[in-house]
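Visitor: Pasting a predicted model and its sequence here:
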Amino acid sequence: MSEAVLEISGLHRRFRQGGGELHVLRGLDLNLRAGECVALVGPSGAGKSTLLHCAGLLERPDAGSIRIAGEDCAALDDAGRTRMRLKTLGFVYQFHHLLPEFSARENAMMPLLIAGQDKATAGARADALLAQMGLGARASHRPGRLSGGEQQRVAIARAVANNPRVLLADEPTGNLDPRIAADVFETLLGLVRNSGLAALIATHNPELAGRMDRILRMADGVLSEEIPAKT
């Protein structure tokens, strides 16, 4: 069995709401192993995005531990959390959030340049990823000249540019029509399998969830695990 690269134990997250308190995550546990693709499902408002934000070090939980690639993230200051996000974590959202004034290639290069890579190295990595995404001929195009599916493929390339250990995705195909969503998801799934990434993907699409290795269903602030019945 491959190593666990994301280990969450006893996670709690509460929010003030009016005069009371909303307890979104209730002692939640989760392990994510290298090379596996795990679906995170549940109704809107169940806390899926909150879990992804905590796992991605964008929010601090009220209690519990998060270890990423063996490092205890509770001990990290803000600079350490930023470093971990840049080097070890990749993010894909429902909306691509590409920079409109830059080409697909330049968007994919951005995390590498921020991490200190030289332009030649960053460009070569971006070119390789865009080719893998089927966008080699579209690398010089700005987002406004790309289709929705192409834009999301660029966002995926950008998310994995720094060779992260963990990929977190929040409805990455939710803004696409079903046929294009299936194609983009197939590309994402192949990338996870080939690179040894650990991926946690929130989705409302039961068909896509059923193609992953495990399904984690969120309800009442905790997770239950299901094994997809693959055909």
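Guide: Received it, and whenever you're ready, just let me know what you need.
Visitor: Please enumerate the strands of the chain.
Guide: 4-17, 20-33, 37-41, 63-68, 71-72, 89-92, 166-170, 198-202, 214-219, 222-226 (DSSP state E).
Visitor: between the first one and strand 222-226, how many degrees?
Guide: So that's strand 4-17. Relative orientation of strand 4-17 with respect to strand 222-226: 140 degrees, computed using axes from the mean of the first three to the mean of the last three Cα atoms, to 10 degrees.
Visitor: which residue is nearest the middle of the chain?
Guide: residue 168 (1.8 Å; Cα atoms, centre = their mean).
Visitor: Residue 55 is in contact with that one, correct?
Guide: Yes: here residue 168 reaches residue 55: they are 6.0 Å apart, a contact under Cβ atoms under 8 Å. For the C-beta atoms, the positions are set from N, CA and C on the backbone; glycine is no exception.
Visitor: neighbours around the closest residue to residue 208 other than its chain neighbours, how many?
Guide: In this structure, residue 208 finds its nearest non-sequential neighbour in residue 185, 5.3 Å apart by Cβ to Cβ, 6 or more residues apart in numbering. Neighbour count for residue 185, taken as other Cβ atoms under 10 Å: 23.
Visitor: and if you look at the one 4 residues further on?
Guide: For residue 189, the tally of surrounding residues (other Cβ under 10 Å) stands at 17.
Visitor: list the contacts for the nearest residue to it once chain neighbours are set aside?
Guide: For residue 189, ignoring the flanking residues on the chain, the nearest one in space by Cβ to Cβ, 6+ apart is residue 37 at 5.9 Å. Contacts here follow Cβ atoms under 8 Å, 6 or more residues apart in numbering; on that basis residue 37 touches 189, 192, 193, 199, 201, 212, 213.
Visitor: So the second one sits against residue 200, correct?
Guide: No: Residue 192 sits out of contact with residue 200 when judged by Cβ under 8 Å, with a separation of 10.4 Å.
Visitor: List the contacts of the helix or strand bottoming out on mean pLDDT in the chain.
Guide: Least confident helix or strand of the chain, by mean pLDDT, DSSP states H and E, is helix 178-195 with a mean of 83. For helix 178-195, contacts defined as Cβ under 8 Å, 6+ apart pick out 35-37, 92, 132-134, 147-149, 152-153, 156, 160, 163, 167, 169, 172-174, 176, 197-199, 201, 205, 207-208, 211-212.
Visitor: do the same with stretch 40-52
Guide: 11, 13, 24-25, 28, 30, 59, 168, 170, 200-204, 206, 209, 215-219, 221.
Visitor: which of those residues count as buried?
Guide: Among the contacts of stretch 40-52, those classed as buried by 16 or more other Cβ atoms under 10 Å are 11, 13, 24-25, 28, 30, 168, 170, 200-203, 209, 215-218, 221.
Visitor: picking that back up, buried residues, the least confident helix or strand of the chain. List them.
Guide: 180, 181, 182, 183, 184, 185, 187, 188, 189, 191, 192, 195.
Visitor: Compute the inter-axis angle for it and strand 198-202.
Guide: 160 degrees.
Visitor: and the angle for helix 178-195 with strand 37-41?
Guide: Helix 178-195 and strand 37-41 are oriented at 140 degrees to each other (the same axes, to 10 degrees).
Visitor: C-alpha coordinates for helix 178-195, PDB please?
Guide: C-alpha atoms of helix 178-195 as PDB (Å, rounded to 0.1, in the frame of the first residue of the first chain):
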ATOM      1  CA  PRO A 178     -21.600  16.800 -19.500                       C
ATOM      2  CA  ARG A 179     -19.600  15.700 -22.500                       C
ATOM      3  CA  ILE A 180     -16.800  18.200 -22.000                       C
ATOM      4  CA  ALA A 181     -16.800  17.500 -18.300                       C
ATOM      5  CA  ALA A 182     -16.300  13.800 -18.900                       C
ATOM      6  CA  ASP A 183     -13.300  14.500 -21.200                       C
ATOM      7  CA  VAL A 184     -11.700  17.000 -18.800                       C
ATOM      8  CA  PHE A 185     -12.200  14.500 -15.900                       C
ATOM      9  CA  GLU A 186     -10.600  11.700 -17.900                       C
ATOM     10  CA  THR A 187      -7.600  13.900 -18.500                       C
ATOM     11  CA  LEU A 188      -7.400  14.800 -14.800                       C
ATOM     12  CA  LEU A 189      -7.700  11.100 -13.800                       C
ATOM     13  CA  GLY A 190      -5.000  10.100 -16.100                       C
ATOM     14  CA  LEU A 191      -2.700  12.800 -14.800                       C
ATOM     15  CA  VAL A 192      -3.300  11.600 -11.200                       C
ATOM     16  CA  ARG A 193      -2.600   8.000 -12.100                       C
ATOM     17  CA  ASN A 194       0.600   8.700 -14.100                       C
ATOM     18  CA  SER A 195       2.100  11.200 -11.700                       C
END
